[in-house]
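Chemist: Sequence plus the predicted model coming up.
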Amino acid sequence: MDKLFSMRVFSRVAETGSFSGVAKDMDCSVGIVSRAVVSLEDALRTRLLQRTTRRVSLTDSGERYYRKCKTILADIDAADAEASDAATIPRGRLRVHAVPDLGLAQLMSTIVEYRRAHPQVTVDLKLMPGMPDLVQEQFDVSVLSAASLPDSGNTYRIVGRFQRVLVAAPAYLKRHAVETISDLPMHALTRINAPFAHPCDWHAELASGTVGGGGIDQIVVNDAEAIRVALLAGAGVSAMPHYFVADDIKAGRLVRLFPDYPLLGASVYAVYPSRQHVDAKIRTFVEFLATSLKDKFDTAPSASAPRVMAQEVTA
């Protein structure tokens, strides 16, 4: 007979002094209650209860064993409750990975808002390029942007979408004539060279179809902010997430080129290891991202701009 069950039965008999009362409370027969107590006594090779026709009482050994059982069972019940609450109450440490060029302002403001809503959750954010092994590196959620995800066995949800635009600094355009699409190979600055990143080489990204050209990369860097700084310094033309350079375009620091040739969009994914028994802090964080980021990532101002639509799995 299961020892934990026998300990529960014995403790209830010790507290109530009645085999039949415990049988009724636990919805089982008196015989099962009796066998549970006897199995403990046989395993311990000591009598735990004195039984008469009128009453049931603890022996000295039974008294000591009951005190220990009560502590053990209380600890088990507390552990069970805590584990069960993990599915309904967001709390504890949430380990989040994000790619550095995702849009730090958008992501961090969302995390701050999430912490206000769920103060019992501590968010441990690590910014690293690429897609980590969530289980091996012990991340609860990975947030990254891509045209599509590789088949990894993980669960994902699309929490945002954005377009990218071709931009250059006004000073660069004054020095170099970029008048047609065919001029771009001579001016293309770079592509983001990171695993699963949406590549920024313009000739592979035009939504209207591939346009020939294969200029040699002038700079290869895996950080969008570094590319933005190079663009502002007048290094050339590059494709950038619209949300990343929207303020620069509005302020005139960068100029959007060829709006009639929109680039393919990308999705922002929240990736987590499993769809079954999802911890409440993971579930609520992914839901919060989906609600918050859809208003923070944007699409370029072009009614004709198509987007890559990856199949979405809801949390």
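Modeler: On my side now, so go ahead.
Chemist: Break down the stretch 201-315 of the chain into its helices, ranges please.
Modeler: Assigned by DSSP state H, counting those that start in this stretch, the stretch 201-315 of the chain shows helices spanning 202-205, 224-232, 242-251, 280-293.
Chemist: what stretches of the stretch 201-315 of the chain score poorly on pLDDT?
Modeler: Filtered on pLDDT under 70, the stretch 201-315 of the chain yields the residue ranges 201-219, 222, 277, 298-315.
Chemist: one step back: reformat the helices of the stretch 201-315 of the chain as a markdown table; add mean neighbour count and distance to Lys24.
Modeler: Every C-beta, even on glycine, is put in place using the N, C-alpha and C of the backbone. Listed next are those as a markdown table, based on neighbours: other C-beta atoms under 10 Å; distance: least, C-beta to C-beta, whole Å:
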| stretch | mean neighbour count | distance to Lys24 |
| --- | --- | --- |
| helix 202-205 | 20 | 72 |
| helix 224-232 | 19 | 68 |
| helix 242-251 | 17 | 65 |
| helix 280-293 | 20 | 36 |
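Chemist: Asp60 is nearest to which of these?
Modeler: Nearest to Asp60, of all the helices of the stretch 201-315 of the chain, is helix 280-293, at 45.7 Å by C-beta to C-beta.
Chemist: could you show me where the strands are in the stretch 101-250 of the chain, in order?
Modeler: 121-127, 141-146, 155-162, 164-168, 238-241 (DSSP state E, counting those that start in this stretch).
Chemist: Against Ser142, how distant is Met128?
Modeler: 9 Å (C-beta to C-beta, to the nearest Å).
Chemist: what do those two both touch?
Modeler: His97 (C-beta atoms under 8 Å, 6 or more residues apart in numbering).
Chemist: When the two are compared, which one has more neighbours?
Modeler: Between Met128 and Ser142, counted using other C-beta atoms under 10 Å, the more crowded position is Ser142 (26 against 14).
Chemist: Quick one: residues contacting that one.
Modeler: 96-98, 131-132, 134, 269-272.
Chemist: Export those as TSV, with columns for distance to Asp248 and neighbour count.
Modeler: Below are the contacts of Ser142 laid out as TSV (distance: C-beta to C-beta, whole Å; neighbours: other C-beta atoms under 10 Å):
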residue	distance to Asp248	neighbour count
Val96	28	22
His97	28	22
Ala98	22	23
Met131	28	21
Pro132	31	16
Leu134	34	21
Tyr269	26	25
Ala270	27	25
Val271	30	21
Tyr272	33	22
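Chemist: what's the longest helix in the protein?
Modeler: For the chain, the longest helix by residue count, based on DSSP state H, is helix 60-85.
Chemist: Could you tell me the angle between that one and helix 280-293?
Modeler: 10 degrees (axes from the mean of the first three to the mean of the last three C-alpha atoms, to 10 degrees).
Chemist: Only the buried residues of helix 60-85, if you could.
Modeler: 62, 65-66, 69 (16 or more other C-beta atoms under 10 Å).
Chemist: likewise stretch 162-176?
Modeler: So stretch 162-176, judged by 16+ other C-beta under 10 Å, has buried residues 162-169, 172-173.
Chemist: If we only consider those residues, which is nearest to Phe297?
Modeler: Phe162 (4.3 Å).
Chemist: partners of that closest one in the sheet?
Modeler: Ala266 (DSSP bridges).
Chemist: same check, this time on the one 4 residues further on
Modeler: Judged by DSSP bridges, the bridge partners of Leu166 are Ala239, Leu257.
Chemist: Using JSON lines, lay out the buried residues of helix 60-85 together with distance to Arg8 and pLDDT.
Modeler: Listed next are those as JSON lines, based on distance: C-beta to C-beta, whole Å; pLDDT from 0 to 100:
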{"residue": "Gly62", "distance to Arg8": "15", "pLDDT": "92"}
{"residue": "Tyr65", "distance to Arg8": "13", "pLDDT": "93"}
{"residue": "Tyr66", "distance to Arg8": "12", "pLDDT": "91"}
{"residue": "Cys69", "distance to Arg8": "8", "pLDDT": "93"}
